[in-house]
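K.L.:
what's the 3D shape of this:
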Amino acid sequence: MFEFKNTSLQQKQRFRLRALVGAAVVLVCFGMLVSRFWVLQVVRYQGLSERADRNRIALVPIAPRRGEIYDRNGEVLARNYRTYTLEVTPADFGGGYDYEKLFDRLSRVIYLSPSDKRKFKRQLGESSRMGTVTLRDNLNDTEASWFAAHAFMFPGVELKARWVRQYPEGAAAAQVVGYISRISDSDLDELDKKGETGNYRGTEYIGKKGIEQSYEKVLHGTTGVQEVEITAGGRPVRTLSRNDPVAGSDLTLSLDMGLQRVAEQAFGNETGALVALDPNTGEVLAFVSMPSYDPNLFVNGIDVDNWKQLNESPDHPLLDRPLTSAFPIGSTYKPFVALAMLTLGKRDPNAQIPDPGYFEFGGQKFHNSGGEAFGSVDLHKAIVVSDDTYFFSLGPIIGVDPLHDFTKQFGFGQLTGIDLDGEKRGVLPSKEWKRKTFKTKAQQQWYPGESVSLTVGQGYNAFTMMQLAQAVSTLADNGIYRRPHLVHAIRDPISDKTTQVPSVVDHVIPVKQQYFDIVKSAMADVPRIGTSRMAFVGAKYQSAGKTGTAQVYSLRGAKAREVVKNLRDHALYIGFAPVDHPQIAVAVIVEHGTWGASVAAPIVRKMFDYWLVQRPKEQAAGELKNPSPVLDAAIAAQASRRPAFEGSDNAALFGTILHRQPAPPIDPVAQISAAANPTAPAPVDPVPPGSAIGPVPAAPARTQSTRGSAP
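P.N.:
Residues are numbered from 1 along each chain as shown. This is a model prediction of the structure:
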């Protein structure tokens, strides 16, 4: 007989227990979920909402249009145009990707030249924090439409429209305008230091040289931004908001491209530098560095062949000669030495000095060019025929430090403050300079014989053509030192208002007007009956000038044309015109040109002819725009421009001007000091055949170096 147990009660109890446990677990889980929802939806709502928006919204920078650059007559020197480009995002391909595969696939749709591929690989190899690399630029409409139709086949490659910089004048005035190129890591570091990195988001290019670099902040503009809603895969859905970029300001330079072309063509195949200034305003009218280069080569990255050709050229076309190359300036220094002599009261201008063909000091003879003797010479004749003996004799009389302090006021050995980066200071020697430059005590000592060569622009003297042109312009304007500048006006793109850059008088050199008149009168006879007479035959205006020939290597009796060219003398000329009311002042050097009178002076003659004769005719015919009324106003404002200095005490006369530095430039420039190698022998500035004054040398032979030395 079986016995059945009653298990229903026990099962019910166990079921209730399991149900209670399960319900508790469910309640706990739901409680945790609700509490988590509370934390996410209430407690952390603000922060998480912002993060969600950032995941949903992308901030896309919009690069501004770069400001354009014009000359004083409205000729375009740098402009922008829109073009299509193919941009590659390397991050989408990963490291080690074989881009030849991409090239092969793209070539079925878009033509890629070998140059495009090389340029892409070079830019790819450079450190790029800008996100994309240009694979192909300047696509035409057909190519752009073809790629747009097949873009789905090329993830990581994007078709973009962007502004492209172009320099229509090519190599003309390249050193002034400069160029833009891709932003490098060093550029980004500089932007970081200035706190301007944010304004360059989406920008791939930055000014590298010339005005493009020194006025980068003005030309670049302000970057815009737009908020774009994107999908989880990064595809744009719609634009939520947009803050348009502000275009960069347009610049009008003081350069006259007509004058610039005349000067560059006058150089021909010669190497050298030239600067022309308006003495009434300090504006740069021409700025020539020969040979030059085409800045368009650098915009999208210069290729290896062109870079090698430019970088390895013996003529150094990338060198900014007017601003960074320092030269001995030969006899073009003599007018300033003459002013120092008169102002310091060292010699009466009418005093007759015997010239036997040499000056003897400390047992050494310093010879005139070609050994010629000019007999009895006063200051006027010494400048007109460029007599070395007269000025040799002034060296020990004036002394190195008084000469340094006086000529410093004209800008020699100083930064002029021009609105270009990279200006060099050159060398204006003094006893203190020599103590700081040389190491041994014997080298640090200044010997009286070393002052002899200084007065004829040689020895340790080394100045830039920018400094020499500034000095000539200051002399032409009777001692008013105006800070030189290239930018004439700036146009604001928002208000469309044009602001003129004012003429800034840095200081006035305290020299009596009668002394300026004496020196300028002698300089006026140089192109009339003196050393540059042949170059100015038939001129329709009266100019003033001074020839110069700076010795590079002692010829030791050899004829100039028999020496290899890189050892020949430099040819120089300074001048201004018209004499009574100067409108243009010029300084030019033709490297290894041999004769200032026959090589450098004709270049200046062509410039004066254009500026004073041809250009007014073109303006009258309506071929050129009228000069700015601001320029006319600046010229007219000269009525009360200089005080009279009638004091007799030279120390009081100079006051504090002697040792003060020029005022800061309009835009800060890099102040780079350089000491030139003081190895050049003494000067020569011969009277050319056909001169109406003094004997004519048979040949430019030199039998002995005329550089000063210790007695």
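
K.L.:
list the contacts of the closest residue to Asp92 other than its chain neighbours.
P.N.:
Nearest non-adjacent residue to Asp92, counting by Cβ to Cβ, 6 or more residues apart in numbering: Gly156, 3.3 Å away. All C-beta spots, glycine's among them, are computed from the backbone N, C-alpha and C. The contact partners of Gly156, by Cβ atoms under 8 Å, 6 or more residues apart in numbering, come to 88-89, 92-93.

K.L.:
give me that answer again for 6 Å
P.N.:
Shown in contact with Gly156 (Cβ atoms under 6 Å, 6 or more residues apart in numbering): 89, 92-93.

K.L.:
stretch 193-200: how far from the chain's middle?
P.N.:
Distance of stretch 193-200 from the chain centroid (Cα atoms, centre = their mean, to the nearest Å) equals 23 Å.

K.L.:
and that stretch, end to end?
P.N.:
This stretch, stretch 193-200, spans 13 Å end to end (Cα to Cα, to the nearest Å).

K.L.:
pull out the buried residues from that stretch.
P.N.:
Neighbour counts over stretch 193-200 (16 or more other Cβ atoms under 10 Å) mark 199-200 as buried.

K.L.:
with stretch 386-402 instead?
P.N.:
For stretch 386-402, by 16+ other Cβ under 10 Å, it's 386-396, 398-400, 402.

K.L.:
wait, which of these is closest to Ser495?
P.N.:
Pro402 (51.8 Å; Cβ to Cβ).

K.L.:
the closest one - that's part of a helix, no?
P.N.:
Yes: under DSSP: H, G, I helix; E, B strand; the rest coil, Pro402 falls within a helix.

K.L.:
poorly predicted segments of the stretch 201-350 of the chain, please.
P.N.:
The stretch 201-350 of the chain contains residues with pLDDT under 70 at 230-237.

K.L.:
mind redoing it with 50?
P.N.:
Judged against pLDDT under 50, the stretch 201-350 of the chain has no low-scoring part.

K.L.:
out of the contacts of Gly156, grab the one that's most surrounded.
P.N.:
Phe93 (17 neighbours; other Cβ atoms under 10 Å).

K.L.:
which pLDDT value goes with the residue nearest to that one when sequence neighbours are not counted?
P.N.:
Nearest non-adjacent residue to Phe93, counting by Cβ to Cβ, 6+ apart: Gly156, 5.5 Å away. Confidence at Gly156, expressed as pLDDT, is 80.

K.L.:
need the longest strand for the protein.
P.N.:
What stands out as the longest strand in the chain, according to DSSP state E, is strand 76-88.

K.L.:
pLDDT on that strand, on average?
P.N.:
Throughout strand 76-88, pLDDT has a mean value of 88.

K.L.:
packing partners for it?
P.N.:
On a contact count with 3 or more Cβ pairs under 6 Å, 6 or more residues apart in numbering; DSSP states H and E, strand 76-88 meets strand 69-70, strand 133-139, strand 157-166.

K.L.:
for Asp609, which of these is the nearest?
P.N.:
Judged by Cβ to Cβ, the one of the helices and strands packed on strand 76-88 that comes nearest to Asp609 is strand 69-70, at 24.8 Å.

K.L.:
pairing partners for the closest one, with directions?
P.N.:
According to DSSP bridges, strand 69-70 forms sheet pairs with strand 76-88 (antiparallel), strand 250-253 (parallel).

K.L.:
I'd like to check what contacts that strand. Which residues are they?
P.N.:
76-78, 251-252.

K.L.:
which of the residues you listed ranks first by neighbour count?
P.N.:
With neighbours defined as other Cβ under 10 Å, the most crowded of the contacts of strand 69-70 is Ala78; it has 27 neighbours.

K.L.:
could you pull out the strands in the stretch 301-450 of the chain for me?
P.N.:
Using DSSP state E, counting those that start in this stretch, the strands of the stretch 301-450 of the chain run over 353-355, 358-361, 364-367, 375-377.

K.L.:
what lines up beside the first one in the sheet?
P.N.:
Looking at strand 353-355 with DSSP bridges, its paired strands and their directions are strand 375-377 (antiparallel).

K.L.:
ok, the second one next?
P.N.:
Using DSSP bridges, the neighbouring strands of strand 358-361 in the sheet come out as strand 364-367 (antiparallel).

K.L.:
buried residues in the partner strand?
P.N.:
364, 366-367.

K.L.:
then it to PDB, C-alphas only?
P.N.:
Taking C-alpha atoms only, strand 364-367 is exported to PDB below (Å, rounded to 0.1, in the frame of the first residue of the first chain):
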ATOM      1  CA  GLN A 364     102.900 105.200 -47.300                       C
ATOM      2  CA  LYS A 365     101.600 106.800 -50.500                       C
ATOM      3  CA  PHE A 366      97.900 106.600 -51.300                       C
ATOM      4  CA  HIS A 367      97.500 107.100 -55.000                       C
END
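
K.L.:
what average pLDDT does it get?
P.N.:
The average pLDDT within strand 364-367 is 84.

K.L.:
show me how far the lengthiest helix in the chain is from its chain's centre.
P.N.:
Determined from DSSP state H, the single longest helix within the chain is helix 8-38. Distance, stretch centre to chain centre, for helix 8-38: 83 Å (Cα atoms, centre = their mean).

K.L.:
show me what counts as buried in it.
P.N.:
By neighbour count with 16+ other Cβ under 10 Å, helix 8-38 contains no buried residues.

K.L.:
same thing with stretch 158-173?
P.N.:
For stretch 158-173, a neighbour-count test (16+ other Cβ under 10 Å) marks 158-159, 162-167, 169, 171-173 as buried.

K.L.:
ok, those residues vs Lys101, which is closest?
P.N.:
Taking Cβ to Cβ as the measure, Lys101 lies nearest Glu158 of the buried residues of stretch 158-173, at 18.0 Å.

K.L.:
wait, that closest one touches Glu87, no?
P.N.:
Yes: contact criterion Cβ atoms under 6 Å: Glu158 and Glu87 qualify, at 5.0 Å.

K.L.:
next, count neighbours for Gly224.
P.N.:
Counted by other Cβ under 10 Å, the residues lying close to Gly224 total 17.

K.L.:
swap in Asp98?
P.N.:
Asp98 is flanked by 9 other residues according to other Cβ under 10 Å.

K.L.:
which residues sit in contact with the residue nearest to Asp137 when sequence neighbours are not counted?
P.N.:
In this structure, Asp137 finds its nearest non-sequential neighbour in Thr85, 4.5 Å apart by Cβ to Cβ, 6+ apart. With contact set as Cβ under 6 Å, 6+ apart, Thr85 has these partners: 134, 137, 160, 162.

K.L.:
mind listing what's buried along stretch 304-312?
P.N.:
Judged by neighbour count using 16+ other Cβ under 10 Å, the buried positions of stretch 304-312 are Leu310.

K.L.:
got a list of contacts for stretch 100-112?
P.N.:
Residues from elsewhere that reach stretch 100-112, judged by Cβ under 6 Å, 6+ apart: 143, 146-147, 150.
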